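K.L.:
model this:
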Amino acid sequence: MPHLLWSVAQPSSTARWPWEGVPFSTLQIISPENFLVLMSDHGDVSLPPEDRVRALSQMGSAVEINEDIPPRRYFRSGVEIIRMASIYSEEGNIEHAFILYNKYIT
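P.N.:
Residues are numbered from 1 along each chain as shown. Below is the predicted model:
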């Protein structure tokens, strides 16, 4: 079995966790190869801007729904995603804000 990574990195002691309340068991596990493709496509300056935005949109729309999780928890997570996206936007971190806003609307 290949080594697997979480699709969402665990926060450092100072980082804010945007999916608070969502258990780790609901996070998607992906292979290191797919993780690197997801993380590198949007930052590849050799790609045209529309392809970079497309890669960011794909990162944001990668959402899985677990029917065992109550809708209220998803609602709270959505509120937290919007809060985090606003903070990223205020800090000038437009790429992370874009990804979170896409995740929210997906």
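
K.L.:
and residue 105, what pLDDT?
P.N.:
Residue 105 is assigned 87 on the pLDDT scale.

K.L.:
list the buried ones in whichever strand or helix holds residue 83?
P.N.:
Per DSSP states H and E, residue 83 falls inside helix 71-90. Within helix 71-90, the residues scored as buried using 16 or more other Cβ atoms under 10 Å are 74, 77, 80-81, 84-85, 88. Any C-beta I mention is one placed from the backbone N, CA and C, and that applies to glycine too.

K.L.:
Lowest pLDDT pick from those residues?
P.N.:
Lowest pLDDT among the buried residues of helix 71-90: residue 74, 88.

K.L.:
List the contacts of that one.
P.N.:
Residues near residue 74 by Cβ atoms under 8 Å, 6 or more residues apart in numbering: residue 65.

K.L.:
Dump the C-alpha coordinates for stretch 82-90 into CSV.
P.N.:
What follows is stretch 82-90, C-alpha atoms only, in CSV (Å, rounded to 0.1, in the frame of the first residue of the first chain):
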residue,chain,number,x,y,z
ILE,A,82,-16.4,31.9,5.1
ARG,A,83,-14.7,33.4,8.1
MET,A,84,-11.4,31.9,7.2
ALA,A,85,-11.7,33.0,3.5
SER,A,86,-12.4,36.5,4.7
ILE,A,87,-9.3,36.5,6.9
TYR,A,88,-7.2,35.1,4.0
SER,A,89,-8.6,37.8,1.7
GLU,A,90,-7.8,40.6,4.3
